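1. My questions are about this predicted structure, shown below with the sequence.
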Amino acid sequence: MDYSRIISFLDFVIAPIYILAILLYASSIQNKKIKENPGYRYFTLGIAAKIVGAVGLCLIYVYYYDEGGDTISYNADSSSLLKLLFRSPSDFFDVWLAPLTRKTRYYFPNMLYFSSDSNAFMVCRLLVPIRLICFDSYLLSSIVMAVVSFTGVWKLYEVFCDCYPALYKHFALAVIFTPSVVFWGSGMLKDSWTLAAAGWYCYSLYMIFIKGGKLLSSVVTLLIAMFLLITIKPYIFVGLLPGSMLWMIWSRIAKIKSTFLKIIIAPSIMIAGMGLGIGLWMLTSSNLGEYGSLDSMILKASVASEDLKQDYYQGNSFDLGAYDPTLVGMLSKFPIATVTGLFRPFILEAKNIVMAVSGLENLFILGFAFIVLLRKPRTALMNLFTNPLVLFCLIFAVFFAFSVAISTSNFGALVRLRIPLMPFLLSGLMIVNYANKSAGISSQQSQTL
């Protein structure tokens, strides 16, 4: 099918105007903030990178992939929604604000791609305001979507920088400029929304429980972020919840100066935190669908893994080996699945240019992980298991890598689905690397004295 008509010549004329306006506004924010926060030197450049990623995503899906893809489908369904708004506002709000039913599907002349997928159709609903201000243009909407996604990425960057100000340059590479995150986390995809929501989720928790201040706005933002994660990709929320609760609990305990009080109070804080986590799980389980119970998650993972091995995925499949669709069966694949989720495809497994770029990126990350963990293994392990922020990053990265790999048997899907873990994995490694170097400097100073 010829998708080239999705982008018109007029889009290429108007797009530079949108980009210039966005970058000028970003530059004005940067100039106001950079004196108090040196991390803002990457603000405009970060938005520019996201825009490049969004435009690149559009061009590849329109001119390179013959079979189209999710972003093309989101474009079609969100455009159908916008047309319904102008054709019949009352019918539009029936669809936009309520679950799709057999009746509401008749409002559309053509069959919707995501009429049976409530998670994907939520993305189409969210895209309507963006499509409205972009005159229903696929390219312009993707550019604006990149900016929306960047807001959450930037907030996550601010959290890491606030905890370790000396590493603001390193965190820029880890959170803002990682190639796969820039590319797959921009444009009209689920991943752009969930990446932003994950960033806002962490920032809101940090402001509420650790940093303090902006309590009301942080609570509202946290609820919105949780809503987006649960309604678009519930498994990301499931992955974030345990590690983030541990991060909050441990950080509160660390603020207690008295060792005696820590011993007395820590169990109560741990129990309260576990109770909060379980409470959040129970409160949201009815909205998590197939991710609301362990049995349904295992079944979904098994079915999805088998589907992505099919021939229509053009041979980009990998196989972790057979396993029983039970908890024990899944855990038997934990080592290979986790390594796959974190570091594959390897460079020799790449079969196209997109996978080759991912393979090079994975090679760098794997090498960096080896250097960090083997240079000073005792110091590295100490920081991995005693630093609450690093522990949160590690728990989420490992859990998420395993979850994605066990339910995915296609490299194309794997590369895209795992992008939420990349900023956490790289930032965690950079904190450990910084601790390793600091320990080395302290050791040298002690020897000198």
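-> Thanks, I have the structure now.
2. so where's the stretch 301-449 of the chain shaky on pLDDT?
-> Regions of the stretch 301-449 of the chain meeting the criterion pLDDT under 70 cover residues 301-316, 323, 325, 327, 439-449.
3. give me that answer again for 90
-> Across the stretch 301-449 of the chain, the ranges flagged by pLDDT under 90 are 301-338, 340-341, 344-358, 372-388, 390-392, 394-396, 398-418, 435-449.
4. ok, residue 363 - how many residues close by?
-> 14 (other Cβ atoms under 10 Å). C-beta here means a position set from N, CA and C on the backbone, and glycine is covered the same way.
5. Might you report the residue contacts of the nearest residue to it once chain neighbours are set aside?
-> Leaving aside its sequence neighbours, residue 363 sits nearest to residue 347 (Cβ to Cβ, 6 or more residues apart in numbering; 5.4 Å). Contacts for residue 347 were tallied using Cβ atoms under 8 Å, 6 or more residues apart in numbering; they are 356, 359-360, 362-363.
6. try residue 224
-> 197, 200.
7. Using neighbour counts, pick out the buried residues of the helix or strand hosting it.
-> Residue 224 is located in helix 215-232, with elements delineated by DSSP states H and E. Within helix 215-232, the residues that count as buried by 16 or more other Cβ atoms under 10 Å are 218, 221-222, 225-226, 228-232.
8. Now residue 318, what are its backbone angles?
-> Residue 318 adopts backbone torsions of phi -130, psi 160, taken as degrees, to the nearest 10.
9. oh, I was asking about residue 178
-> According to degrees, to the nearest 10, residue 178 has phi -60, psi 120.
10. before we move on, back to that, can you redo the buried residues of helix 215-232 as a markdown table with distance to residue 202 and pLDDT?
-> A markdown table is the format used below for those (distance: Cβ to Cβ, whole Å; pLDDT from 0 to 100):
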| residue | distance to residue 202 | pLDDT |
| --- | --- | --- |
| 218 | 11 | 93 |
| 221 | 11 | 96 |
| 222 | 10 | 94 |
| 225 | 9 | 96 |
| 226 | 12 | 92 |
| 228 | 13 | 94 |
| 229 | 11 | 93 |
| 230 | 16 | 89 |
| 231 | 18 | 90 |
| 232 | 17 | 92 |
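11. before we move on, the earlier item: and whichever helix or strand comes after the helix holding residue 224, average pLDDT?
-> Going down the chain from helix 215-232, the next helix or strand is helix 234-254, by DSSP H and E. Here helix 234-254 scores 81 as its mean pLDDT.
12. Can I get helix 234-254 in CSV? Just the C-alpha atoms.
-> Taking C-alpha atoms only, helix 234-254 is exported to CSV below (Å, rounded to 0.1, in the frame of the first residue of the first chain):
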residue,chain,number,x,y,z
PRO,A,234,-0.7,-1.3,32.4
TYR,A,235,2.4,-3.5,32.6
ILE,A,236,4.6,-0.4,32.8
PHE,A,237,2.7,0.7,35.9
VAL,A,238,3.0,-2.8,37.3
GLY,A,239,6.7,-2.7,36.7
LEU,A,240,7.2,0.7,38.2
LEU,A,241,5.1,0.1,41.4
PRO,A,242,7.3,-2.2,43.5
GLY,A,243,10.6,-0.4,42.8
SER,A,244,9.2,3.0,43.3
MET,A,245,7.6,2.0,46.6
LEU,A,246,10.9,0.7,47.8
TRP,A,247,12.6,3.9,46.7
MET,A,248,10.1,6.0,48.7
ILE,A,249,10.3,3.8,51.8
TRP,A,250,14.1,3.5,51.8
SER,A,251,14.5,7.3,51.3
ARG,A,252,12.3,8.0,54.3
ILE,A,253,14.3,5.6,56.4
ALA,A,254,17.6,7.2,55.3
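13. buried ones in it?
-> 234-253.
14. ditto for stretch 94-104
-> 94-95, 100, 104.
15. same check, this time on stretch 167-176
-> Neighbour count says stretch 167-176 has 167-168, 170-172, 174-176 buried, by 16+ other Cβ under 10 Å.
16. So which of those belong to strands?
-> Secondary structure defined by DSSP state E assigns none of the buried residues of stretch 167-176 to strands.
17. List just the nearest of the residues you listed to residue 143.
-> Each of the buried residues of stretch 167-176 was scored against residue 143 by Cβ to Cβ, and residue 176 proved nearest at 17.2 Å.
18. Look at that closest one and report its pLDDT.
-> As predicted, residue 176 sits at a pLDDT of 96.
19. I'd say it and residue 49 touch.
-> Yes - between residue 176 and residue 49 there is a contact under Cβ atoms under 8 Å: 6.8 Å.
20. Need the overlap of contacts for these two.
-> Jointly contacting residue 176 and residue 49 under the rule Cβ under 8 Å, 6+ apart are residue 182.
21. and the two most separated of the buried residues of stretch 167-176?
-> Greatest spatial distance among the buried residues of stretch 167-176 (Cβ to Cβ): 167 and 176, at 13.0 Å.
22. circling back to that earlier point, centre of the chain versus the helix holding residue 224, how much separation?
-> 15 Å (Cα atoms, centre = their mean, to the nearest Å).
23. one step back: return the member of the buried residues of stretch 167-176 nearest to residue 18.
-> Nearest to residue 18 among the buried residues of stretch 167-176, with distances taken as Cβ to Cβ, is residue 176, at 20.7 Å.
24. Once you drop chain neighbours, what's closest to the closest one?
-> Nearest to residue 176 is residue 46, by Cβ to Cβ, 6+ apart, at 4.3 Å.
25. Can you get me a residue count around the one you found?
-> Neighbours of residue 46 under the rule other Cβ under 10 Å: 23.
26. my read: it touches residue 152, true?
-> No - using Cβ under 8 Å, residue 46 is not in contact with residue 152, being 11.9 Å away.
27. follow-up on the earlier one: take the contacts of residue 347 and lay them out in JSON lines including distance to residue 18 and secondary structure.
-> Putting these into JSON lines (distance: Cβ to Cβ, whole Å; DSSP: H, G, I helix; E, B strand; the rest coil) gives the following:
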{"residue": "356", "distance to residue 18": "31", "secondary structure": "helix"}
{"residue": "359", "distance to residue 18": "33", "secondary structure": "helix"}
{"residue": "360", "distance to residue 18": "31", "secondary structure": "helix"}
{"residue": "362", "distance to residue 18": "33", "secondary structure": "helix"}
{"residue": "363", "distance to residue 18": "36", "secondary structure": "helix"}
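28. ok, those residues vs residue 24, which is closest?
-> Nearest to residue 24 among the contacts of residue 347, counting by Cβ to Cβ, is residue 360 at 33.6 Å.
29. got the contact list for residue 421?
-> Under the criterion of Cβ under 8 Å, 6+ apart, the contact list for residue 421 reads 341-342, 396-397, 400-401, 404.
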